[in-house]
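1. Sequence and predicted structure below; questions after.
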Protein chains: 2
Amino acid sequence: MPKHIDHEQRRRDIIDVAWGLIRTGGLEAATLRQIAAQAGFANGALKHYFSGRDDIIEGAFQRALEAIGDHVSQAVRGQGGVEALGAMMRQTLPLDDDAAAAARVLLALWDHAVANDSLRASYRRHLDAWRERLAQLIRQGRQEGAIRSEAADDQLVDEIVLVNIGATVLAVSAPDLVAPDALNRLVDAFLARLSTPAIER
Amino acid sequence: MPKHIDHEQRRRDIIDVAWGLIRTGGLEAATLRQIAAQAGFANGALKHYFSGRDDIIEGAFQRALEAIGDHVSQAVRGQGGVEALGAMMRQTLPLDDDAAAAARVLLALWDHAVANDSLRASYRRHLDAWRERLAQLIRQGRQEGAIRSEAADDQLVDEIVLVNIGATVLAVSAPDLVAPDALNRLVDAFLARLSTPAIER
């Protein structure tokens, strides 16, 4: 097996360890010492694979964003238009324990991105891809005649994204306020509104 | 002047310094060393006023939440019902530079609250007070006949709070996606919807 494959595998293993630490204990739990200990490395050995802690943390956040993207792709597979839009909205809302763990990672990512340009750029690409998928499904829903809202597509996308991010924050800081019943009710009301013309401008 | 007043003033001064550091550089910038240096204390002297860094950070977050509450009270003063509701929504959205700085503090607070029960409880009290004020204004708007939406009051409060928190996150990580035009458009559409009956269930 060529050497660089082994190297890549080690990087992935280390990132997995860091991601696990962030999910359970927040960003502060993922110290270089803890990562090295759990990955079975001597303290200084991580530097053969990463330039430093920030480099590992960024890898963990990238992995988290990819996992969210994969999750969503699976949820909407084989569906289109409004059906897929509803599935995608529910898939990205924090409706189960897994999503609550992902929410903790996102909170750490957002805070870390304040002072990290490359991480902010990664999150922005994730956000743009997510918004573009939502916009495509809305256009498709209009073509099929299922979406008749007079609100601009951009505005509908903004609304979905902002409600979703807000729910992600509260999933961590006040989970009872974003119980599945309340979130599903918001999605239902939003979808009902999409099918009704002449309501908003 | 009695001695305890001086002591309280020193605590406030130290909290002000910590808040300033968090606003500009995020939570990681507010180290004990930096706080002591900027407040004009020797490194060990802070412990006469606070039990440790977490204690100071929590004080800074408390101050931030109070400032947001005061800001909102001023914005809705002398108004009631739908008018006050609109003013309150715009006041809590990140529509100016000051609000963007406050958004950075909130991001740090949310991430920190993951592992800090007392901070999470503080934020929860802030959230409950905010939700109760929104609910009161919605009830008042219904009594005045200006709000005729069939959506439950709770659901309307959820929607306002989630959009607001989502916008706070994006004000830091993707500010061009929450430009004032887009946010004002969302508020206008929401208020227009409130006055229309029989749209959502």
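-> Now that the structure is in, tell me what you want to look at. Since the model is a prediction, treat every value here as computed from it, not as a measurement.
2. what comes up buried for stretch A:130-149?
-> Across stretch A:130-149, burial judged by 16 or more other Cβ atoms under 10 Å in any protein chain shown covers A:130-131, A:133-134, A:137-138, A:140-142, A:147, A:149. No exception for glycine: its C-beta is placed from N, CA and C like everyone else's.
3. try stretch A:70-81
-> A:72, A:76, A:81.
4. my guess is the first one contacts A:M89, does it?
-> No. Taking contact to mean Cβ atoms under 8 Å, the distance of 10.0 Å between A:V72 and A:M89 leaves them out of contact.
5. from the chain's centre, how far out does the helix or strand where A:R133 lies sit?
-> Assigned by DSSP states H and E, A:R133 belongs to helix A:117-143. In terms of Cα atoms, centre = their mean, to the nearest Å, the centre of helix A:117-143 is set 11 Å apart from its chain centre.
6. avg pLDDT for it?
-> The average pLDDT within helix A:117-143 is 93.
7. now for it, which elements pack on it?
-> Applying 3 or more Cβ pairs under 8 Å, 6 or more residues apart in numbering or on different chains; DSSP states H and E, one finds that helix A:117-143 contacts helix A:53-76, helix A:81-92, helix A:97-113, helix A:153-173, helix B:153-173.
8. could you dump the ones you listed to a markdown table with mean pLDDT?
-> Output for those, formatted as a markdown table (pLDDT from 0 to 100):
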| stretch | mean pLDDT |
| --- | --- |
| helix A:53-76 | 86 |
| helix A:81-92 | 92 |
| helix A:97-113 | 82 |
| helix A:153-173 | 95 |
| helix B:153-173 | 95 |
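9. As JSON lines, these with distance to B:P197 would be great.
-> As requested, these are arranged in JSON lines below (distance: least, Cβ to Cβ, whole Å):
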{"stretch": "helix A:53-76", "distance to B:P197": "33"}
{"stretch": "helix A:81-92", "distance to B:P197": "24"}
{"stretch": "helix A:97-113", "distance to B:P197": "34"}
{"stretch": "helix A:153-173", "distance to B:P197": "21"}
{"stretch": "helix B:153-173", "distance to B:P197": "13"}
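10. Quick one: closest of these to B:T196.
-> Within the helices and strands packed on helix A:117-143, the stretch nearest B:T196 is helix B:153-173; the backing value is 12.7 Å (Cβ to Cβ).
11. For the closest one, which residues meet the burial criterion?
-> Of the residues in helix B:153-173, those buried (16+ other Cβ under 10 Å) are B:153, B:155-173.
12. So which of these reach chain A?
-> B:155, B:158-159, B:161-167, B:169-170, B:172-173 (Cβ under 8 Å from any Cβ of the partner chain).
13. tell me, what residue is most central in chain A?
-> Nearest residue to the geometric centre of chain A (Cα atoms, centre = their mean): A:I68, 4.5 Å.
14. dump the residue contacts of that residue.
-> A:I68 sits next to A:92, A:102, A:126 when contact means Cβ atoms under 8 Å, 6 or more residues apart in numbering or on different chains.
15. What's the separation between it and B:V114?
-> With distances taken as Cβ to Cβ, to the nearest Å, A:I68 is found 18 Å from B:V114.
16. Over to A:A84?
-> Distance from A:A84 to B:V114, by Cβ to Cβ: 32 Å.
17. Could you check which of those two is surrounded by more residues?
-> Neighbours of A:A84 and B:V114, each counted by other Cβ atoms under 10 Å in any protein chain shown, are more numerous for A:A84; the result is 22 against 19.
18. Now do stretch A:16-33: distance from first to last residue.
-> End-to-end span of stretch A:16-33 (Cα to Cα, to the nearest Å): 15 Å.
19. Please tell me how far that stretch is from the chain's geometric centre.
-> Mean-position distance between stretch A:16-33 and its chain equals 17 Å (Cα atoms, centre = their mean).
20. That one near chain B anywhere?
-> Yes. Interface with chain B: stretch A:16-33 contributes A:25-28 (Cβ under 8 Å from any Cβ).
21. Of the residues you listed, just say which sits nearest to B:S195.
-> Of those, the one sitting nearest to B:S195 (Cβ to Cβ) turns out to be A:G26, at 43.1 Å.
22. mind checking how far that closest one is from A:H112?
-> A:G26 sits 11 Å away from A:H112, going by Cβ to Cβ.
23. what's the answer for A:F41, then?
-> 23 Å.
24. Between those two, tell me which one has more neighbours.
-> A:H112 (23 against 19).
25. Hmm, A:R120 and that one touching each other?
-> No. Judged on Cβ under 8 Å, A:H112 makes no contact with A:R120 at a distance of 9.1 Å.
26. hang on, the earlier thing: what angle sits between the helix holding A:R133 and helix A:53-76?
-> Here the directions of helix A:117-143 and helix A:53-76 differ by 10 degrees (axes from the mean of the first three to the mean of the last three Cα atoms, to 10 degrees).
27. just the angle between helix A:117-143 and helix A:81-92, please?
-> Using the same axes, to 10 degrees: helix A:117-143 against helix A:81-92 is 150 degrees.
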